[in-house]
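**Q** From the sequence below, what's the structure:
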Amino acid sequence: MAIVTTKAIVISAIKYGDSSLIAKLYTEKSGLISYMIKGVLKSKKGKLRAAYFQPLTQLNIVASHQEKRNLQSLREVQISSAYSSIHLQITKQTLAIFLSEILSNVIQEEEPNSSLFNYLQYSLLWLDTHEKIANFHIIFLINLTKYLGFYPGDIEGQEKGFHLREGIFTNQLHEKEVIKGGDFFHFKKLLGTNFDTVESISFLKSHRQSLLRILIRYFELHLDGFKKPKSLDILEAVFSK
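**A** Numbers count the residues shown, from 1 in each chain. Model (predicted):
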């Protein structure tokens, strides 16, 4: 058995029995790990509290890891970066649920990836401290592909379309998985952007929804077993107001 002290981000937590949780945490040192947290839903005085395991909460944990066990155990948990708005504002709550569902789909391996962890940590803190967030999830997803290995290729060419399945720019506009026209223009505008330039990017609601659907399709084509998030329709409804 190894005692591990690490930063972690809550990916998901589901109820187990009457009083326990099974939480998936993306840890800085060990990658994705599942933990059984017994009695946390009924405990009022224990060190572990259910509130710690809301989607995308950032934690410092001390855990016991045993080889060949599917569920590990937590010894100590503390909030590492307390959010001031993500779990209080309905738009940000909805984003957190959507992003946690995305991350549940794309992060599967028990392998550490410090670059990905740092990206998630920075992105979530940015979301918590800014108010102009209508394009946040779009930029989050396109830049997430850098860490998953299928960020779109060279954007300097003169091609008029992008092949979602091949991940390349193309002039073969008749092919099924090629985006073109307005969708291509808006997609290309995303590339090379980051959260610091998000306010300079303007999309109509219809453009944003179309881009989101395109990005979900892009993920489906490049990640085995990726499923369209159940919260997608709710997210679009919230951002259509």
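**Q** Got the phi and psi for Leu212?
**A** Per-residue torsions, Leu212: phi -60, psi -40 (degrees, to the nearest 10).
**Q** what sits against the nearest residue to it once chain neighbours are set aside?
**A** Nearest residue to Leu212 in three dimensions, chain neighbours excluded: Ile138, at 6.3 Å (Cβ to Cβ, 6 or more residues apart in numbering). Where you see a C-beta, it was placed from the backbone N, CA and C, and this is true even at glycine. Contacts for Ile138 (Cβ atoms under 8 Å, 6 or more residues apart in numbering) come out as Leu190, Phe203, Arg208, Leu211, Leu212, Leu215.
**Q** at 10 Å instead, please
**A** By Cβ atoms under 10 Å, 6 or more residues apart in numbering, the contact list for Ile138 reads 186-187, 190, 193, 198, 201, 203, 207-209, 211-212, 214-215, 239.
**Q** What of Leu103?
**A** With Cβ under 10 Å, 6+ apart as the criterion, the residues that contact Leu103 are Ile9, Val10, Ile11, Ser12, Lys24, Tyr26, Leu32, Pro55, Leu56, Leu116, Leu120, Leu144.
**Q** Show me what the fifth one is bridged to.
**A** Just to be clear, that refers to Lys24. Counting by DSSP bridges, Lys24 is bridged to Ser12, Ser34.
**Q** pretty sure Glu220 belongs to a helix, no?
**A** Yes - judged by DSSP: H, G, I helix; E, B strand; the rest coil, Glu220 forms part of a helix.
**Q** Can you tell me how far it is from Asn143?
**A** 18 Å (Cβ to Cβ, to the nearest Å).
**Q** Over to Lys227?
**A** 21 Å.
**Q** Not counting its neighbours along the chain, what's nearest Met1?
**A** Nearest to Met1 is Gln66, by Cβ to Cβ, 6+ apart, at 4.9 Å.
**Q** mind listing the strands for the protein?
**A** Using DSSP state E, the strands found in the chain span residues 2-16, 20-27, 31-37, 58-65, 72-81, 161-163, 168-170, 178-180.
**Q** Same list (those) but as JSON lines, adding mean pLDDT and distance to Ile133.
**A** Shown next, in JSON lines, are those (pLDDT from 0 to 100; distance: least, Cβ to Cβ, whole Å):
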{"stretch": "strand 2-16", "mean pLDDT": "95", "distance to Ile133": "18"}
{"stretch": "strand 20-27", "mean pLDDT": "96", "distance to Ile133": "22"}
{"stretch": "strand 31-37", "mean pLDDT": "95", "distance to Ile133": "26"}
{"stretch": "strand 58-65", "mean pLDDT": "95", "distance to Ile133": "18"}
{"stretch": "strand 72-81", "mean pLDDT": "94", "distance to Ile133": "17"}
{"stretch": "strand 161-163", "mean pLDDT": "95", "distance to Ile133": "25"}
{"stretch": "strand 168-170", "mean pLDDT": "92", "distance to Ile133": "29"}
{"stretch": "strand 178-180", "mean pLDDT": "96", "distance to Ile133": "25"}
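**Q** Quick one: these as CSV, columns for distance to Leu103 and mean neighbour count too.
**A** Shown next, in CSV, are the strands of the chain (distance: least, Cβ to Cβ, whole Å; neighbours: other Cβ atoms under 10 Å):
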stretch, distance to Leu103, mean neighbour count
strand 2-16, 5, 17
strand 20-27, 7, 22
strand 31-37, 9, 20
strand 58-65, 13, 18
strand 72-81, 17, 16
strand 161-163, 24, 22
strand 168-170, 26, 17
strand 178-180, 24, 20
